[in-house]
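> Pasting the sequence and the predicted coordinates here, then a few questions.
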Amino acid sequence: MDSIITVIIPAFNEENAVGKVVKAIPKDWVKEIVVVNNNSTDKTREAAEQEGALVLDQPIKGYGNACLKGIEYVKSKADKPDIIVFLDADYSDYPEQLPELVKPILEEKMDMVIGSRALGEREGGSMTFPQVFGNWLATRLILLFYGYRFTDLGPFRAIRWDKLMEMNMQDKTFGWTVEMQVKAAKMKMKCTEVPMAYRNRIGKSKVSGTVYGTVMAGYKILYTIFKYL
């Protein structure tokens, strides 16, 4: 495989999971694994470094902030990757499925691929009702307003580096994933989804695990969908 792949993993207090995530990534498929330590107060940095990841610090909380920090680092490098893979640090996705995720980009010239939990096998309890409903509503609104069919806002995703740069991503918190999909639709990118298995995460979710997180994520997702109309 000739394409260069970099993985960006935002991580906030995931000392018990992030090492497992990094370890499970097929190393012969990726050039670099970048974990963005998002103001963690535990040993997230140590756990990631122990498995060979490069760790960046982003003291300003926010999922989007962490992803943007990773992108900023990649932009500073002389040799840019062909593909960026985003992956959560909680071990709910299966990093071993990375080859399946990037295959449509490598073989079908796709621009972006979403790892869909809706199309894959989900472990019982791995997604809360608000998560399932929120994904359903958001993807229906994207279809209605932008004409693009997605089934999930799954965080496990791959995108061509040049296309990611064209997007000029802005969201700093909960709207990151939906902003990417809305912009891909507006830019008429070639997008597809692949089924991804999903399991119960290690530890408690910082978003769906709290009422505040669930409400704010829902609000930000809807706000972002209407923002780019």
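Everything's here; your move.
> And stretch 54-65, what's buried?
Across stretch 54-65, burial judged by 16 or more other CB atoms under 10 Å covers 55, 56, 58, 62, 63, 64, 65. Every residue, glycine included, has its C-beta placed from N, CA and C.
> Now the terminal residues of that stretch, how far apart.
From its first residue to its last, stretch 54-65 covers 17 Å (CA to CA, to the nearest Å).
> all numbers from here: first residue = 790
Fine by me, first position is 790 from now on; the one you just mentioned is stretch 843-854.
> which residues sit against it?
799, 801, 821-828, 834, 837-838, 855, 858-859, 862, 958-965, 968 (CB atoms under 8 Å, 6 or more residues apart in numbering).
> What values do phi and psi take at the residue positioned nearest the centre of the chain?
Nearest to the geometric centre of the chain sits residue 944, at 3.1 Å (CA atoms, centre = their mean). Torsion angles at residue 944 (phi, psi; degrees, to the nearest 10) stand at phi -70, psi -20.
> tell me what the helix or strand bottoming out on mean pLDDT in the chain is packed against?
None of the helices or strands of the chain scores lower by mean pLDDT, DSSP states H and E than helix 1000-1016, at a mean of 89. Judged by 3 or more CB pairs under 8 Å, 6 or more residues apart in numbering; DSSP states H and E, helix 1000-1016 is in contact with helix 918-935, helix 965-975.
> switch the cut-off to 10 Å
Helices and strands touching helix 1000-1016, by 3 or more CB pairs under 10 Å, 6 or more residues apart in numbering; DSSP states H and E, are helix 852-865, helix 918-935, helix 965-975.
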